[in-house]
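A.B. asks: Sequence first, predicted model second:
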Amino acid sequence: MSGGASPGRSRWLSSTALIFYALILGVVLGHFLPAETYPWAYESFKFLSKAFISLIKMLVVPLIFATIVLGIGKTGDVKAVGRMGVKALVYFEIASTIALVIGLVFANLVKPGLDLKLPPGGDLALAKPKTFVETLLHLFPSNVIDAMAKQDILQIVIFATLLGVAAAHVGAEKAKPFVDFFEATVAVLFKLTDYVMSLTPLGVFGAMAGAVSHHGITVLGSYAKLVGSLYAALVVFALIVLVPALKLAGVSVRRFVRKIRDPFLIAFSTASSEAALPRALERIVEFGVPKSVAGFVLPAGYSFNLDGSTLYIVLATMTIAQAAGRHLSILEQVSMCLVFMLTTKGVAAVPRASLVIIAAGCASFNLPGEAGVAMILAVDELMDMGRTSINLAGNCVAAVVVAKWEGVLGPEASEAG
């Protein structure tokens, strides 16, 4: 789904524009229809938000399961993808881990959730925390159907990972019908997600109007802290990871920025990495990365190297925990990072798909997922633009780094070029 204007469609009526209109309208109506005076209006706002969240939750199990199986089934055999695949995966994991750490650091230092309030009626009842042994045992699903019914994302990830690895090792010929089935399934699920995400303006309107109606206009100040925290964290990530990576590769940072400016702006304005991919491939090849490297690393990066989304997911989940008054121990925060490192693989090219991961992650850690997602939904579009842009930039940097490691980066990319 592209957030930009479609052919023949005015930019003023693009998906992103409609979402901003909905946000502004939600603020205005929420302000003039306070919950105490107009309870019917508040209930209507809450209905729109909760209905949209329910549709998102509907996608959790099939989307994550199918994308993980497909991603690993097609590329999980490291020997098959060869030396370039190993180097790409190493870079992806290093960058993703640093993104997770930065998100945790900002969440613990800024604590944006302390100024936010969860919508009333959210699932605030917290289950008894599991012991360490119980947590380890929970990694082994005894009934995958039961795990899917309960939306136990951790057990689903474990099963999907094992299934994908098995598919990757039975041989391409035998696994082809299996992989083809999941490839078609993912395509259909992405289309269904497009349909659901087309309702995002209604969900944003309901979430913002409900928040302002219940808490008053001052709620925007609280959201500003969350949005500011994300953008500051993304800038820090770019400065301590992306720029040094380019420097270590011996390329011109200024020339690189000029080359990816167009796809970067496409990703920012549409909040869709998929919309920017064709242009990014073209520009990275022009920059000096061979087509064979760019054609492998960029698409793989959209499954395994979502740096901006990874950072956002951990920051948003910690924000929900803080708003719920739930203190997560260091062990719980590390466990959360490990879960997100797995669940963010494969769910790409779908605007606001991070909400799916956040909702599932909250369920795994006894956090109020439905109420929490509804809380951050009002400003998710603003944050989606930033994290999608960093996803794109991070994958472009990855292509340059892998090409340099392989010794095939063109001289035009060098500092002296």
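C.D. replies: Done, it's in. Residues are numbered from 1 along each chain as shown.

A.B. asks: Which SSE is immediately downstream of the longest helix seen in the chain?
C.D. replies: Looking across the chain with DSSP state H, the single longest helix is helix 39-75. For helix 39-75, the following helix or strand on the C-terminal side (DSSP states H and E) is helix 78-110.

A.B. asks: So for that following helix, what gets flagged as buried?
C.D. replies: Across helix 78-110, burial judged by 16 or more other CB atoms under 10 Å covers 81, 84-85, 87-89, 91-92, 95-96, 98-100, 102-104, 106-107, 110. For every residue, glycine as well, the C-beta is placed using N, CA and C.

A.B. asks: orientation of the longest helix of the chain relative to helix 78-110 in degrees?
C.D. replies: 150 degrees (axes from the mean of the first three to the mean of the last three CA atoms, to 10 degrees).

A.B. asks: what separates helix 39-75 from the chain centre, distance-wise?
C.D. replies: From the chain centre to the centre of helix 39-75 is a distance of 13 Å (CA atoms, centre = their mean, to the nearest Å).

A.B. asks: quick one: buried residues of it?
C.D. replies: 41-42, 44-46, 48-50, 52-53, 55-57, 59-75.

A.B. asks: now the strands: where do they sit in the stretch 251-400 of the chain?
C.D. replies: Using DSSP state E, counting those that start in this stretch, the stretch 251-400 of the chain contains no strands.

A.B. asks: Show me what the helix or strand containing residue 178 is packed against.
C.D. replies: In this structure, residue 178 is located in helix 172-197 according to DSSP H and E. Under the contact criterion of 3 or more CB pairs under 8 Å, 6 or more residues apart in numbering; DSSP states H and E, helix 172-197 touches helix 39-75, helix 153-169.

A.B. asks: Let's see that with 6 Å instead.
C.D. replies: Where contact means 3 or more CB pairs under 6 Å, 6 or more residues apart in numbering; DSSP states H and E, helix 172-197 is packed against helix 39-75.

A.B. asks: could you give the angle of the helix it packs on to helix 172-197?
C.D. replies: If you take the same axes, to 10 degrees, helix 39-75 sits at 160 degrees to helix 172-197.

A.B. asks: And the average pLDDT for helix 39-75 is what?
C.D. replies: Across helix 39-75, pLDDT averages out at 81.

A.B. asks: One more: stretch 250-261?
C.D. replies: Stretch 250-261 shows a mean pLDDT of 90.

A.B. asks: cool, and stretch 176-185?
C.D. replies: Here the average pLDDT along stretch 176-185 is 89.

A.B. asks: same check, this time on stretch 317-336
C.D. replies: For stretch 317-336, mean pLDDT rounds to 86.

A.B. asks: Near residue 179, how many other residues are there?
C.D. replies: Residue 179: 18 surrounding residues under other CB atoms under 10 Å.

A.B. asks: got the buried residues for stretch 314-330?
C.D. replies: Going by neighbour count (16+ other CB under 10 Å), the buried part of stretch 314-330 is 314-324, 326, 328.

A.B. asks: Which single one of those is nearest to residue 399?
C.D. replies: residue 314 (24.9 Å; CB to CB).

A.B. asks: Would you check that that closest one makes contact with residue 98?
C.D. replies: No. If you go by CB atoms under 6 Å, residue 314 and residue 98 don't touch, sitting 11.8 Å apart.

A.B. asks: rewinding a little: I'd like to check the angle between the longest helix of the chain and helix 153-169, please.
C.D. replies: Orientation of helix 39-75 against helix 153-169 (the same axes, to 10 degrees) gives an angle of 30 degrees.

A.B. asks: Helix 39-75 - contacts with which helices or strands?
C.D. replies: Partner elements for helix 39-75 (3+ CB pairs under 6 Å, 6+ apart): helix 153-169, helix 172-197, helix 200-215, helix 354-364, helix 369-377.

A.B. asks: Looking at these, which is nearest to residue 391?
C.D. replies: Closest of the helices and strands packed on helix 39-75 to residue 391 is helix 354-364, at 10.2 Å (criterion: CB to CB).

A.B. asks: and the closest one, C-alpha only, in CSV?
C.D. replies: C-alpha atoms of helix 354-364 as CSV (Å, rounded to 0.1, in the frame of the first residue of the first chain):
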residue,chain,number,x,y,z
SER,A,354,4.7,-2.2,13.3
LEU,A,355,1.4,-1.9,15.1
VAL,A,356,0.8,-5.6,14.5
ILE,A,357,4.2,-6.4,16.1
ILE,A,358,3.6,-4.1,19.0
ALA,A,359,0.1,-5.6,19.7
ALA,A,360,1.6,-9.1,19.6
GLY,A,361,4.6,-8.2,21.7
CYS,A,362,2.4,-6.6,24.4
ALA,A,363,0.4,-9.9,24.6
SER,A,364,3.6,-11.9,25.1
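
A.B. asks: what packs against it?
C.D. replies: Against helix 354-364 (3+ CB pairs under 6 Å, 6+ apart) you get helix 39-75, helix 153-169, helix 307-323, helix 369-377.
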